[in-house]
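Asker: Quick one, structure for this:
(one chain, ligands or ions: 2)
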Amino acid sequence: MKKHDCALFDLDGVIVDTAKFHFLAWKKIASIFNYDLTSNDNEQLKGVSRSDCLQIILKMANTVIEPSKFEKYLAQKNLDYLDFIQDLGPKDILPGIFETLIFLNKRKVKIGLGSASKNAEVILSKLGLTSFFEIVIDGNKVKKSKPHPEVFLRGSLALGVVPEKCLVFEDSASGIISAKAAGMTAVAIGNPDKFLNEDFCYPDFLSLVQNDLDKLF
Ligand code: BG6
Ligand code: MG
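Answerer: Numbering: from 1, shown residues only. Ligands and ions are numbered 1, 2, ... in the order given. Here you go, the predicted structure:
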C-alpha cells in the first residue's frame with residue numbers, strides 16, 4: 001500500500017523561485033510608503049494572498065491609505081511582478097521537481113497544485129508543467145488564504161483522496177500550518193527555524209529527492 005495517494009505542491013518557492021520576484025515587486029510598492037521592505041519581512045508574505053500581503057505591508061509601514069487606492073496598488077504590484085517573470089521558462093524549474101513529477105506519475109500518485117497565487121496557471125504554462133497537474137487550486141478559487149486549510153482541502157476533495165493520504169510540499173510557514181490544519185502530511189522546504197509544525201523538513205527539493213522520495217510515497 002502506498003503511504004500517500006496524492007501530492008499537493010505549493011508553487012512559488014517550491015516549484016520555481018518566484019518568491020524573489022514577489023519580493024522585488026512588493027519592495028517597490030513599500031517604497032511608495034517610505035518603507036524599506038526587508039527579506040525578513042518578506043517571510044511573512046510567503047503563501048499569503050496578494051491583498052493580505054498589502055494589508056501586512058501597510059501595517060509594517062504604519063500607513064493608512066484611502067480604500068479606493070487599495071486596488072490600484074494591487075494592480076501595480078501585479079504588473080511589476082508579471083514584468084519580472086516575463087522570461088520565466090523550463091530552465092527555471094527548481095532542481096529535483098521534474099524528477100519528482102515523473103516519479104509520482106510512475107507510482108500513480110495523483111498530483112495537484114495548491115497555491116495562493118492568481119498567476120499559478122500562467123506560471124505552470126510558462127514552465128511547461130501544466131500537463132502534470134490533474135487539478136490546480138489557486139488564488140482565483142479559494143476564499144480563505146493560507147494558513148487556513150481551504151486550498152489543500154479543496155485539492156484533496158477534487159482529487160478524491162482523503163486528507164490523511166495527501167502529502168503537501170510547502171516553503172512557507174503559513175502553508176505548513178495550512179497543510180497540518182487540513183490533516184495532511186506536511187513537508188517543509190527551507191530552513192527548519194522558519195516552520196512550526198512540519199512533519200519533515202529539507203533544505204531544498206533536491207536533497208529530498210536524493211534521500212527520501214521513496215520513503216514518502
Ligand atoms: C503565493 C506567494 O504563492 O502567492 C505569495 O507565496 C503571493 O507571496 C501569493 O503573495 C499571491 O500571488 P499572486 O501571484 O496572486 O499575486
Ligand atoms: Mg510558496
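
Asker: quick check: longest helix of the chain.
Answerer: If you go by DSSP state H, the chain has its longest helix at helix 67-84.

Asker: List the buried residues in the helix or strand hosting residue 157.
Answerer: In this structure, residue 157 sits in helix 150-159 according to DSSP states H and E. For helix 150-159, burial by neighbour count (16 or more other Cβ atoms under 10 Å) applies to 150-156, 158-159. To be clear about C-beta, it is placed using only N, CA and C from the backbone, and glycine gets the same treatment.

Asker: out of those residues, who's nearest ligand 1?
Answerer: residue 151 (9.8 Å; Cβ to the nearest ligand atom).

Asker: Relative to ligand 2, how far out is that closest one?
Answerer: Distance, residue 151 to ligand 2, using Cβ to the ion, to the nearest Å: 11 Å.

Asker: do the same with residue 66
Answerer: Noted for residue 66: a distance of 31 Å to ligand 2, by Cβ to the ion.

Asker: if we can go back for a sec, present the buried residues of helix 150-159 as a markdown table; the columns should include pLDDT and distance to residue 18.
Answerer: Output for the buried residues of helix 150-159, formatted as a markdown table (pLDDT from 0 to 100; distance: Cβ to Cβ, whole Å):
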| residue | pLDDT | distance to residue 18 |
| --- | --- | --- |
| 150 | 97 | 22 |
| 151 | 98 | 17 |
| 152 | 98 | 20 |
| 153 | 98 | 24 |
| 154 | 98 | 22 |
| 155 | 98 | 20 |
| 156 | 98 | 24 |
| 158 | 98 | 23 |
| 159 | 98 | 24 |
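
Asker: hmm, back to that, what's the next secondary structure element after the longest helix of the chain?
Answerer: Taking DSSP H and E, what comes next after helix 67-84 is helix 97-106.

Asker: quick one: that next one near ligand 2?
Answerer: No: judged by Cβ under 5 Å from the ion, helix 97-106 stays clear of ligand 2, getting no closer than 12.9 Å.

Asker: Now do the very next helix or strand once past that helix against helix 150-159: the angle between them, please.
Answerer: Sequence order places strand 110-114 as the next helix or strand after helix 97-106, per DSSP H and E. For strand 110-114 against helix 150-159, the angle by axes from the mean of the first three to the mean of the last three Cα atoms, to 10 degrees is 150 degrees.

Asker: Tell me the helix or strand right after strand 110-114.
Answerer: That would be, after strand 110-114 and using DSSP H and E, helix 120-127.

Asker: one step back: neighbouring contacts of the longest helix of the chain?
Answerer: The set of residues external to helix 67-84 that reach it, using Cβ atoms under 8 Å, 6 or more residues apart in numbering, is 21-22, 24-26, 28-29, 32, 50-51, 53-54, 65, 118-119.
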